[in-house]
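1. next input, structure requested:
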Amino acid sequence: KHYTNGLKRMHHAMFAYHDVKTKDVAKAWKHLSKGNEYKLSTIPPFNAAEKKEQVARLKAVFTPQFFPENIGSQARTPIFIIGFVRSGSTLLERILDAHPLIVGTGEDSVFNGRLDTIRNEIVEASMVGDPRVLQHRVKKLADDVVSDMKARWELIDANMHHDDDSDAENSNEEDRPYPLRFADKMLTNYINVGFIHLLFPNALILHVAREP
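-> The predicted structure follows:
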């Protein structure tokens, strides 16, 4: 695999060289194609049967009876974008982000980044046997996700609108409303939609797909 990755990087470097320097389209395309061949050779083939079995297990677990009443955050703050690659998900996020009260939080899902903690703490709270413990834990986990989304946006916003002294007069922070909704995009979170709904039963979940 290490040998294959080396060849992949070499061919991609040669593609960049011919694409930018020599302008030799034929050679650039040849190296790009060869590099991608090496890249694909290290990726296991898609196993449709295995994926169907995984989805069937999830559907068997996350039935309506799985979700206790009065659990999770009532907040509608997160908007989750899930689905399939090359289906327009980035365009959808940008359309949402164009609204002054909605912002995207980037390709790195905040929810997905906390998923291991969410799963472990839900299992731990469930074993106590007291519904109030589970209710409190799930609410806190949801609040932590929202807090992280806000912190992520504040960092992105600070970097985007960092003005030096010469631009200070043109900067008007008070004119930018604080967003009310945060788009969290991670297409593979369709596998985790049960946990998303457990934490945020009122959240909008947008599933994007493309025509075959």
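2. can you pull out the strands in the chain?
-> 78-83, 102-104, 181-185, 204-208 (DSSP state E).
3. sheet partners, orientation included, of the second one?
-> For strand 102-104, the paired strands and their directions (DSSP bridges) read strand 181-185 (parallel).
4. try the longest one
-> In the sheet, strand 78-83 lines up against strand 181-185 (parallel), strand 204-208 (parallel) (DSSP bridges).
5. related to what we said a few turns ago, of all the strands of the chain, which lies closest to Asn5?
-> Across the strands of the chain, Asn5 has its closest neighbour in strand 181-185 (27.8 Å, C-beta to C-beta). Glycine gets a C-beta too; all of them are placed from N, C-alpha and C.
6. what's the mean pLDDT across that closest one?
-> The average pLDDT within strand 181-185 is 95.
7. what does stretch 50-58 give?
-> 93.
8. now do Lys30 against Phe15, distance only.
-> 8 Å (C-beta to C-beta, to the nearest Å).
9. the two: which is more packed in?
-> Set side by side, Lys30 and Phe15 show more neighbours around Phe15, with 20 against 15, by other C-beta atoms under 10 Å.
10. circling back to that earlier point, can you put the strands paired with strand 78-83 in CSV and add mean neighbour count and distance to Val193?
-> Putting the strands paired with strand 78-83 into CSV (neighbours: other C-beta atoms under 10 Å; distance: least, C-beta to C-beta, whole Å) gives the following:
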stretch, mean neighbour count, distance to Val193
strand 181-185, 24, 12
strand 204-208, 16, 6
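11. quick one: closest of the strands of the chain to Val133.
-> Here strand 78-83 is closest among the strands of the chain (C-beta to C-beta), at 23.7 Å.
12. pLDDT on the closest one, on average?
-> 96.
13. what's in contact with that strand?
-> With C-beta atoms under 8 Å, 6 or more residues apart in numbering as the test, strand 78-83 has contacts from 89, 92-93, 96, 102, 111, 145-146, 149, 181-190, 193, 196, 200, 203-209.
14. same check on stretch 7-22?
-> Contacts of stretch 7-22 (C-beta under 8 Å, 6+ apart): 24-25, 27-29, 31-32, 34-36, 38-39, 42.
15. with stretch 34-46 instead?
-> By C-beta under 8 Å, 6+ apart, stretch 34-46 touches Lys1, Thr4, Asn5, Leu7, Lys8, Arg9, Met10, His11, His12, Met14, Phe15.
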